[in-house]
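Engineer: Fold the following, please.
(one chain, ligands or ions: 1)
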Amino acid sequence: MNFLDDYVGVLGAAYLWVKAAHVTFVIFWIAGLFIVPRYYIHHQATTPGSAEDRAWIEREDRARTIILMPAMLISWTLGLMLAVHLGAFDQPWLMAKLALVVLLSAYQGWIVTYGRKLAAGRRELEDKKLRLMNEVPGILTALIVVLVIVRPF
Ligand code: HEM
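Structural biologist: Residues are numbered from 1 along each chain as shown. Below you'll find the model as predicted:
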């Protein structure tokens, strides 16, 4: 038994299904956040205008439009539905989680911008800095999962 056993909420019996879908789309989203900046490291090594350069541009474009954007929007929608269902907007763990998810979404904004620069033939960051940027989603994901599972506050 736990406090949610008799709780119906706005989602009713669909609650656990929505939660399962949320976690699934979050996995798709984070997978995209890991893979696209990895692509950039390989892409940077190509000569602008070469066939290889064009192949990376297309690959990145597909990953952004088929994986990143839909997975981010669906994760947000389902996550907010869960928050409404639980009436959790007064919970500090959720506020902290939302702040980190906003940072994760901003990171995706950086991915889109940097991709446009690469497609225009600009290679602004040294490989070392790009590799450092690659660590951001892993760190944010670990913190978010601790907040939602451990709920330390
Ligand atoms: C995009 C905006 C997001 C919102 C609004 C949101 C909100 C929520 C809420 C309210 C819950 C329900 C907790 C419960 O039922 O006990 C939940 C579950 C969960 N969220 Fe999110 N979330 C978001 C993104 C993320 C991200 C980016 C991750 C991982 C990096 C994540 C991982 C999880 C996990 C693992 C659960 C299941 C926790 C459990 O089993 O109790 N969420 N989310």
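
Engineer: What's the first helix or strand after the lengthiest helix in the chain?
Structural biologist: Longest helix in the chain by number of residues (criterion: DSSP state H): helix 15-44. Downstream of helix 15-44, the next assigned helix or strand under DSSP states H and E is helix 51-62.

Engineer: buried stuff in the longest helix of the chain?
Structural biologist: Using 16 or more other C-beta atoms under 10 Å as the test for burial, helix 15-44 gives 15, 18-19, 21-22, 25-26, 28-30, 32-33, 36-37, 39-40, 43-44. C-betas here are computed from N, CA, C, even on glycine.

Engineer: and the residue of the chain found nearest the ligand, what are its phi and psi?
Structural biologist: Residue nearest to the ligand within the chain: residue 79 (2.2 Å; C-beta to the nearest ligand atom). For residue 79, the backbone dihedrals (degrees, to the nearest 10) come out as phi -60, psi -40.

Engineer: returning to that earlier point: tell me the helices and strands packed up against the longest helix of the chain.
Structural biologist: helix 51-62, helix 69-86, helix 92-119, helix 127-133, helix 136-149 (3 or more C-beta pairs under 8 Å, 6 or more residues apart in numbering; DSSP states H and E).

Engineer: Give me the distance from the last one to the chain's centre.
Structural biologist: Meaning helix 136-149. Distance of helix 136-149 from the chain centroid (C-alpha atoms, centre = their mean, to the nearest Å) equals 11 Å.

Engineer: Tell me if that helix is near the ligand.
Structural biologist: Yes - counting by C-beta under 6 Å from any ligand atom, the ligand has neighbours in helix 136-149: 141, 144-145, 148-149.

Engineer: tally of neighbours for residue 12?
Structural biologist: With neighbours defined by other C-beta atoms under 10 Å, the count for residue 12 comes to 9.

Engineer: And the pLDDT for it?
Structural biologist: Here, the pLDDT recorded for residue 12 equals 93.

Engineer: ok, it to residue 81 distance?
Structural biologist: 12 Å (C-beta to C-beta, to the nearest Å).

Engineer: same check, this time on residue 88
Structural biologist: Relative to residue 81, and taking C-beta to C-beta, residue 88 is found at 11 Å.

Engineer: quick one: which of these two has more around it?
Structural biologist: The neighbour comparison of residue 88 against residue 81 (other C-beta under 10 Å) goes to residue 81, with 18 against 14.
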